[in-house]
Each structure stands twice: as structure tokens, then as C-alpha cells.
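**Q** build me a structure from this.
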Amino acid sequence: MKGKVIVGMSGGVDSSVAAYLLKEEGYEVAGVTMQVLPGQAEDSLSAQKDAARVCKELGIPHYVVDFRQEFERDVIGYFVREYAGGRTPNPCIACNRHVKWEALLHRCRGLGADFVATGHYARVARLSNGRYAVRVSVTDEKDQTYALYNLTQKQLARTKMPVGEYAKDEIRDIARRAGIMVADKPDSQEICFIQDGDYAGFIERYLGKTFPPGNFVDRRGNVMGQHRGIIHYTVGQRKGLGLSLKEPAFVLGIRPRENEVVLGCGREIFAAGALAGQFNYMCRDHFQDRMLVLAKIRYNHKGVPARIYHKEDILYCEFLEEQRAVTPGQALVLYEGQYVLGGGTILCGTGEEGVPLSGTDICCQEGGF
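**A** Reported below is the predicted structural model:
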């Protein structure tokens, strides 16, 4: 045996095939389904049953582990705090770092496992400098490296991601040939804890309060109308504003302290760069100023060539071509070739010379970078 691997199994085809591939490679495999949703949601119970049936088919043990406390603290709580603060978070990134890896690795030790594995479309590599990095999947269509930038070196050293070597149709074909019962199960698309898509309603119920209406304003502070509460909006949004204007308006920024949502025209939604903080370094332990990288500013962003600069704990990313809707709270993920260089949380979009664009409350000083 090559060692013992705990596979995080959601009941879907990707994690099921990950378990199958690792068993075929000669690892001792066990499946763990993470219970994360409050109560006993029907979808959660269905996923547990599917994972248990797959494990039985594969002849491997299956465990259900309660991670509800960690999930509520590190994922749901984070999501609610960010939205209430006028930012747009990515809860999957927080879940990957704190639940699917940190909490699962902790439980792994109790089960005597050497590694954890998931069904993510990504690969783990050890580089010539001795550091571990996430490498892009063989398929751009399903690549999930953006959501994995925040994993630590210790976590990556004990991680397996076998699915990253295949395209999605190949994974389904493997599942069919292996007789895995979820081979044709549809992928889940929505945030698991808000399945109806009503983020604002969820946040208000979770906090037990409503967010009051306030003013839509332009960049000069002129009032353009009334908004329904800041949690209903995100940077780049055009639909659902409830305004009748001469030209289409877009959300440029959110000012929670003033309870204002800043609007502008289409040309104003583009930024020359981004400021980011809370960086996690991956394939290098530092960045060089003026280094040329590929930068992604959201999950489905194709990436754009950019140069990066440091100033204390803030990183300035200068895009070689202006980008639309640089959104505070989302991740800025940098790539060096096929590998994740590192990433951080976007503080704001910038104009020329790194000057923060007006219209949002940010955690850095106004002025040039």
C-alpha cells in the first residue's frame, strides 16, 4: 500500500471517481462525507446516502463527520459578515481552506490517514524549489484552481487531486466503466447553504435584522434614487436596480458607513488595476516587483496579463488591459505558467497609477500606490 487516503465525498461523480482512482493506484482509501448544513437538510441526507452507496460499491469504509460548527463559523459567518460590510465574498474559498482541508486533515490524524483527497479539477505539484503548488487542470472548462489559492504548504503536502488529470466527460466515462451509480448525476451549481439564490433574505434571517433603504448616488455624491439595502447589490450589477435612467447604470461601489450604493455608466465600471491584501504565497514565498503574471479576478474570469507591485501589506496588480467590475471581497489569484503563484482578497479596483477608484469603503489609504 502507498498509504491511507481520506477522500472527501459529496455523493457526486467527481469525488466518487477520485476514490476509485486512488484505490486503483494502490492506496488504502476511506470515504468521508462532511455534514456541514444546519439540521438535516434533504439534499444533505441524499448526498450522504449516495456517498455511502458508492463506498459500498468500491469496497471502502464510509464515515459521516459533523463539521457544522466549523462550517457555520468559517464559511456562513464569513459570508454574512462580508456582505454586511459591502463586499462580495466567495464562500467556496473559505470552505476549501478551513473545512475541506484544515478540519478534514485534523480528523484524518484520528483515522490514521496520510493524505486527504478531493474531486477538484486541479493538480498538486512539488516544484524544484521544494514548495508545493496547485497546478491547473488538464481542462480549462472545469479548472477549479481559482478557489484553491488559499491552501497552505502543509495542507498541499498531504493532498491528492487525481481528477485534475482528466476532462469531465472522461470522469463520467470512468465512472460508467467502473459501475459507479452516480456516473450521470448532475453537478451542483448553487451555494450549498442558499439553494434558492436569495442571498439578502438569508443574511437578514441569519442576523435577525433588516438592512434599511438608502441612496443611490453617483461618484460626485448626487442622489439618483433609493436602494433597498446594501446587501442586495454587488459591484458590476446592472439588473434589479429599479431605476429609470437615460442610459444603463452599473454598481460601481458600496459604502456601508454612509448606506450608499454608487452608480455609474458602463465605461466607469472598468479598472486599470486592483489592490489586494491578506495574501497567501504558494509556488514562491515572495513576489518580485514588476513581475509579469496572469491575474484572475473572479471564478469564471479567463485571466489577464498583469504586473504586480508591493507596498507594505498591500499588493497592487496593474492589468495590461482594463478589466470590468473589479469587486471588493472577491479573490485576486495570480498564476505563473500553469501554477498558482498565490492570491489575496481584493480591496478595490484602481485607476491609473494605482489610485483607488472612488465609490467604495476600502482598507487602504486614498492616493497613489
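
**Q** mind saving the C-alpha coords of stretch 236-249 as CSV?
**A** Provided in CSV are the C-alpha atoms of stretch 236-249 (Å, rounded to 0.1, in the frame of the first residue of the first chain):
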residue,chain,number,x,y,z
GLY,A,236,-20.9,45.4,-11.7
GLN,A,237,-24.6,44.7,-11.2
ARG,A,238,-26.9,46.3,-13.7
LYS,A,239,-30.2,44.5,-13.4
GLY,A,240,-32.6,44.9,-10.4
LEU,A,241,-31.7,48.5,-9.6
GLY,A,242,-35.3,49.7,-10.0
LEU,A,243,-34.3,53.0,-11.7
SER,A,244,-35.3,54.6,-14.9
LEU,A,245,-32.3,56.5,-16.3
LYS,A,246,-31.2,57.8,-19.7
GLU,A,247,-28.5,55.2,-20.0
PRO,A,248,-27.8,51.8,-18.3
ALA,A,249,-26.4,52.2,-14.8
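
**Q** list the buried ones in it?
**A** Along stretch 236-249, these residues count as buried under the neighbour rule (16 or more other Cβ atoms under 10 Å): 237, 241, 249. Every C-beta, even on glycine, is put in place using the N, C-alpha and C of the backbone.

**Q** who touches it?
**A** The contact list for stretch 236-249 (Cβ atoms under 8 Å, 6 or more residues apart in numbering) reads 216, 224-225, 227-228, 232-233, 250-251, 263-266, 269, 324-325, 327.

**Q** mind running it again at 6 Å?
**A** 225, 250, 251, 263, 265, 325 (Cβ atoms under 6 Å, 6 or more residues apart in numbering).

**Q** just the buried ones from those residues, in PyMOL syntax?
**A** The PyMOL command for the buried members of the contacts of stretch 236-249 (criterion: 16+ other Cβ under 10 Å) is given here:
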select buried, resi 250+251+263+325
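
**Q** got JSON lines for the contacts of stretch 236-249, with distance to residue 285, pLDDT and secondary structure too?
**A** Converted to JSON lines, the contacts of stretch 236-249 look like this (distance: Cβ to Cβ, whole Å; pLDDT from 0 to 100; DSSP: H, G, I helix; E, B strand; the rest coil):
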{"residue": "225", "distance to residue 285": "49", "pLDDT": "94", "secondary structure": "strand"}
{"residue": "250", "distance to residue 285": "38", "pLDDT": "94", "secondary structure": "strand"}
{"residue": "251", "distance to residue 285": "37", "pLDDT": "95", "secondary structure": "strand"}
{"residue": "263", "distance to residue 285": "42", "pLDDT": "95", "secondary structure": "strand"}
{"residue": "265", "distance to residue 285": "42", "pLDDT": "89", "secondary structure": "coil"}
{"residue": "325", "distance to residue 285": "31", "pLDDT": "94", "secondary structure": "coil"}
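
**Q** residue 190: which of the contacts of stretch 236-249 is nearest?
**A** Nearest to residue 190 out of the contacts of stretch 236-249 is residue 325 (Cβ to Cβ; 20.8 Å).
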